[in-house]
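*Asks:* Give me the fold of what follows.
(one chain, ligands or ions: 1)
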Amino acid sequence: MALLFYSQFDDPADWGKHLREVVPGLDFRVWPEVGNPDEIEAALVWKAPEGELRKLPNLKLIINLGAGVDSIVKDRSLPAGIPIVRIADPDMSRMMAQFVLAAVLRHYRDFVSFAKAQKERRWHYIHPREAPTCSVGVMGLGNLGAMAAQELVRQGFKVSGWARSPKKIEGVQSFHGKEGLSSFLAASEILVAMLPLTPDTDGLINADVLAKLPRGAKFVNVGRGRLVDEDALIAALRSGHISEATLDVFREEPLPPTSALWGFDQVLVTPHLASVAIPRTASRQVAENLRRLKKGEPLLNVVDPDRGY
Ligand code: NDP
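*Replies:* Purely as a prediction, here's the structure:
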């Protein structure tokens, strides 16, 4: 079987090495060296150029090289009727949980205040609080959100979560749907956004939503930039309603130098790397889907393009 690889962010040599270990004899081709397009049956892609996959007449499977599928499901040039699967790898979830934990600890342990005091050569004692007095709300309880929420529970935080459907995660208070959003927000001193970008979530975190957070709340976004109305966030940061933020994703990436978000001492900007697909572990999952494709068995981690995630 021939598999075509495309990504500007991931190392094709690393993927090729790990995939060949788990799929002996795999014909691994890296775009633009497509060779005979008739031979390509699967494509492992991250943000492939529009129209490229249409040039593969025998393509049977599209594998999104990552967890977020917003860019692939909105690509109208994709050949119709070909299943899309995504990477949903526990090691990727762990990497995300580590980032979320680091961000939450940055806010909870007052690192922002200490960084400011250090600039001023000022000894600034803040008596540490106990974790159960700090409430963290995780928006999105999928593969990534659920593991991050569990990690926060392990650290003793008071954790709640919000999803479309009710969830049972030990130690996590579950809220769901539009009707559960206001109570969830009111209970979130630190809000972590880990939702997929879909027509329903586009711009969801607007001025009204931010206003429902407790005054002085902290905000962490590791989902997608478009979840957030950035002007509303900037206004909330200026007014102090949102006191601190850690932002990994933005409406426009790279974040333009003119963005006001660069200018806040209390905002940490990171360049969209909270979690990445890990070839060593995720290649096993790709291999399993290639095996299933060959045998005609149900695929794993199938994306529902209509739902958008
Ligand atoms: P999943 O698809 O596994 O989970 C999505 C979660 O969001 C589910 O709990 C789902 O609810 C919930 N959700 C979706 N739509 C709504 C809605 N309208 N209202 C309320 N809840 C909703 O996704 P993952 O956990 O794998 O990934 C989440 C996102 O993280 C990705 O889509 C991507 O955008 C982002 N990401 C960011 C990375 C980074 O480096 N910054 C890296 C990887 C991913 P339900 O369970 O009820 O369906």
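*Asks:* hmm, stretch 254-271 touching the ligand?
*Replies:* No - using Cβ under 6 Å from any ligand atom, stretch 254-271 stays clear of the ligand, coming no nearer than 8.6 Å. Where you see a C-beta, it was placed from the backbone N, CA and C, and this is true even at glycine.
*Asks:* any idea how far that stretch is from the chain center?
*Replies:* 19 Å (Cα atoms, centre = their mean, to the nearest Å).
*Asks:* quick one: contacts for the closest residue to the ligand within the stretch 1-150 of the chain?
*Replies:* Relative to the ligand, the nearest point of the stretch 1-150 of the chain is Gly142 (1.7 Å; Cβ to the nearest ligand atom). Going by Cβ atoms under 8 Å, 6 or more residues apart in numbering, Gly142 touches Ala163, Met194, Pro196, Tyr309.
*Asks:* Now with 10 Å, please.
*Replies:* By Cβ atoms under 10 Å, 6 or more residues apart in numbering, Gly142 lies in contact with Ala67, Ala88, Ser93, Ala163, Arg164, Lys167, Met194, Leu195, Pro196, Tyr309.
*Asks:* For the lowest-mean-pLDDT helix or strand in the chain, list every residue counted as buried.
*Replies:* Ranked by mean pLDDT, DSSP states H and E, the weakest helix or strand in the chain is helix 70-73, scoring a mean of 92. Residues of helix 70-73 classed as buried: Asp70, Ile72, Val73 (neighbour count, 16 or more other Cβ atoms under 10 Å).
*Asks:* Only C-alpha atoms, please: export that helix in PDB.
*Replies:* C-alpha atoms of helix 70-73 as PDB (Å, rounded to 0.1, in the frame of the first residue of the first chain):
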ATOM      1  CA  ASP A  70     -11.300  22.100  11.700                       C
ATOM      2  CA  SER A  71      -9.000  22.800   8.700                       C
ATOM      3  CA  ILE A  72      -9.700  19.500   7.000                       C
ATOM      4  CA  VAL A  73     -13.500  19.400   7.400                       C
END
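*Asks:* contacting residues around the next helix or strand after that helix?
*Replies:* Going down the chain from helix 70-73, the next helix or strand is strand 84-86, by DSSP states H and E. Strand 84-86 has contacts (Cβ under 10 Å, 6+ apart) with 42-45, 61-69, 72-73, 75, 78, 143, 277, 285-286, 289, 292-293, 299-305, 309.
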